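Enquirer: attaching a predicted model along with its sequence, questions to come.
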Amino acid sequence: MGIEIKMPALSPTMEEGTLAKWLVKEGDTVKSGDLLAEIETDKATMEFEAVDEGVIGKIMIAEGTDNVKVGTVIAVMAGEGEDASSASAAPAPSPTPAPAPAPAASAPAPTPAPAPAAQPAAVSGSRVKASPLARRIAADKGVDLAAVSGTGPNGRIVKADVEGAKPGAAPVAAAAAPTPTAAPTAAPAPAETKAVWFDDSIPHEEEKLSNIRKTIARRLTESKQTVPHIYLTVDIRLDALLKLRAELNKALEARGVKLSVNDLLIKALGVALARTPKCNVTFTGDKLIKYSRADVSVAVSTPTGLITPIIKDAANKAVSAIATEMKDLAARAREGKLQPHEYQGGTASLSNMGMYGIKQFEAVINPPQGMIMAIGAGEKRPYIVDDALGVATVMSATGSFDHRAIDGADGAEMMKIFKELVEAPMGMIA
């Protein structure tokens, strides 16, 4: 009997994923530790390794399949001494993908033939509601839009409604009669109405959303809708930090370590959180979680979306260790090779857009964390130095705080300490 290979749970919260790519084919011999497939979760694309040895007898789920539930049999492998072809046949009864019966069950639904669901003339007062492309086609063909029934949202007339219409004729019957089979399609219509409608006359292409992008959209929407953000901004002089960075890089050159400004800012945020524990918290509704360690999540842009690998215990970690760790994490994040424990968790986040020349921005909190630090570009600005007007390298940093858990005064105290640490950086590395 074949060995069933099932969709794995690659993170504690994973319930389903996309089988992005098979790295083996039917007939391939694999041993424990060999890579079988790439699986896209809601956080990253990860490689799935074989546990058993054998021959791939049958691939049950094609690559590119979305929403594959954890535990679903995705392939069958012939064990030692077994024939691969018999192993591939064994799982045949296992295709219990009840999706096939599902359409059959929905087939009897043609009874709701009330296709008159096609709305009458899409007129608002004296104005006909139609897309620009539909208007243009109607004008070219001499079709009276007032007599056309629209199938778009709220009865809006779209391209398909006027393409088959005859000059002066009302394609109401034409739209309704040829579509008795479309009666079942009347059900999906309400779902489509919820979609974002756009001008289909503009050249465009559609791109399928990755699981990661869907998760980003969902989590950020939830954050802005449920978390009351308070924003606090400080201007910070960078000259001392830039000088120290140059000195440290010279000393670390022999070890092949090069510090970035971001590495030092991660350290500063970690120390600031440790010194203001009231900001290193999570709000859960009926209680407050107070962390005794500052784990800083750092925003990294990848081809599939934003991911936040974590520098654990940033307050007590040497900046050289932060630099080495961050370089490795960022590289593997862009390749989609991070492990769940490397990006799940964190007590606060840091997002730096200074490299793009962004002067200041307000970042969205990454729940369940209580704050995120947004870093702008360092630039030469007029600045008061020793009670005299001079020129200094200055950046703006904005902290976004969950006001349910963190009072403005506590957030302001943390921003003050962060500013002091960056302007006098020896205090955070001594």
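Expert: Looks like it came in fine.
Enquirer: C-alpha from now on. contacts and neighbour counts both.
Expert: Fine.
Enquirer: next up, the contacts around residue 133.
Expert: 158-159, 199-201 (Cα atoms under 8 Å, 6 or more residues apart in numbering).
Enquirer: wait, a strand at residue 231?
Expert: Yes: under DSSP: H, G, I helix; E, B strand; the rest coil, residue 231 sits within a strand.
Enquirer: in what helix or strand does residue 207 lie?
Expert: Element membership for residue 207, per DSSP states H and E: none, as it lies in no helix or strand.
Enquirer: what lies in contact with stretch 159-168?
Expert: With contact meaning Cα under 8 Å, 6+ apart, stretch 159-168 is reached by 131, 133-134, 137-138, 141-144, 148-151, 171, 174-175.
Enquirer: pLDDT of that stretch, averaged?
Expert: Stretch 159-168 shows a mean pLDDT of 73.
Enquirer: same question for stretch 58-73.
Expert: In the prediction, stretch 58-73 has an average pLDDT of 90.
Enquirer: quick revisit: narrow the contacts of stretch 159-168 to those in strands?
Expert: Among the contacts of stretch 159-168, none falls in strands (DSSP state E).
Enquirer: whichever of those end up buried, select them in PyMOL.
Expert: If you want just the buried ones from those in PyMOL, going by 16 or more other Cα atoms under 10 Å, the selection is:
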select buried, resi 131+133+134+137+138+141+143+144+148+149+150+151+171+175
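Enquirer: quick check: phi and psi at residue 268.
Expert: Residue 268 adopts backbone torsions of phi -60, psi -40, taken as degrees, to the nearest 10.
Enquirer: which secondary structure elements does the helix or strand where residue 374 lies contact?
Expert: Assigned by DSSP H and E, residue 374 belongs to strand 371-375. Packing partners of strand 371-375 (3 or more Cα pairs under 8 Å, 6 or more residues apart in numbering; DSSP states H and E): strand 348-352, strand 388-402.
Enquirer: who touches the last one?
Expert: Taking contacts as Cα under 8 Å, 6+ apart, the residues outside strand 388-402 that touch it are 227-239, 359-365, 370-384, 411, 415.
Enquirer: buried among the residues you listed? Need that as a selection in PyMOL.
Expert: Selection of the buried residues among those in PyMOL, burial being defined by 16+ other Cα under 10 Å:
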select buried, resi 227+229+230+231+232+233+236+237+238+239+359+360+361+362+363+364+365+370+371+372+373+374+375+376+377+378+379+411+415
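Enquirer: break this structure into its domains for me.
Expert: 3-94, 116-179, 213-429 (automatic domain parsing).
Enquirer: hmm, back to that, pull up the pairing partners for the strand holding residue 374, direction included.
Expert: According to DSSP bridges, strand 371-375 has the following sheet partners: strand 348-352 (parallel), strand 388-402 (antiparallel).
Enquirer: returning to that earlier point: and the contacts of residue 133, which of them are buried?
Expert: Of these, these count as buried by 16+ other Cα under 10 Å: 158-159.
Enquirer: can I get the contacts of residue 133 in CSV with distance to residue 310 and secondary structure?
Expert: Listed next are the contacts of residue 133 as CSV, based on distance: Cα to Cα, whole Å; DSSP: H, G, I helix; E, B strand; the rest coil:
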residue, distance to residue 310, secondary structure
158, 48, coil
159, 49, helix
199, 42, coil
200, 42, coil
201, 45, coil
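Enquirer: run through the protein and note the low-pLDDT ranges.
Expert: 1, 12, 42-43, 79-127, 132, 152-154, 166-198 (pLDDT under 70).
Enquirer: run the last query once more with 80
Expert: 1-2, 10-14, 41-45, 79-136, 139-141, 150-156, 158-160, 162-200, 210-212, 304 (pLDDT under 80).
Enquirer: now the helices for this protein?
Expert: 84-89, 101-106, 132-141, 159-163, 172-176, 188-193, 211-226, 239-252, 261-275, 319-334, 340-343, 408-423, 426-429 (DSSP state H).
Enquirer: how far out from the middle of the chain is the fourth one?
Expert: Here the centre of helix 159-163 is set off from its chain's centre by 36 Å, with Cα atoms, centre = their mean, to the nearest Å.
Enquirer: can you list the buried residues in it?
Expert: Neighbour-count burial for helix 159-163 flags 159, 161-162 (criterion: 16+ other Cα under 10 Å).
Enquirer: of the residues you listed, which is the nearest to residue 346?
Expert: residue 159 (49.4 Å; Cα to Cα).
Enquirer: mind checking how far residue 241 is from residue 281?
Expert: 28 Å (Cα to Cα, to the nearest Å).
Enquirer: also residue 67?
Expert: Distance from residue 67 to residue 281, by Cα to Cα: 34 Å.
Enquirer: ok, these two, which is more surrounded?
Expert: Using other Cα atoms under 10 Å as the criterion, residue 67 and residue 281 rank with residue 281 on top: 23 against 14.
Enquirer: and that one, what does it touch?
Expert: Going by Cα under 8 Å, 6+ apart, residue 281 touches 288-291, 347, 369-370, 405.
Enquirer: looking at those residues, which has the most residues close by?
Expert: residue 347 (28 neighbours).
Enquirer: hmm, it is touching residue 370, no?
Expert: Yes: look at residue 347 against residue 370 with Cα atoms under 8 Å: they come within range, at 7.3 Å.
Enquirer: overlap in contacts, those two.
Expert: 280-282.
Enquirer: so which of these are in strands?
Expert: 281-282.
Enquirer: got the CA coordinates for the strand holding residue 374 in CSV?
Expert: What follows is strand 371-375, C-alpha atoms only, in CSV (Å, rounded to 0.1, in the frame of the first residue of the first chain):
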residue,chain,number,x,y,z
MET,A,371,3.9,49.8,18.4
ILE,A,372,5.9,50.3,15.2
MET,A,373,8.7,52.8,14.5
ALA,A,374,8.8,54.5,11.1
ILE,A,375,12.2,55.8,10.0
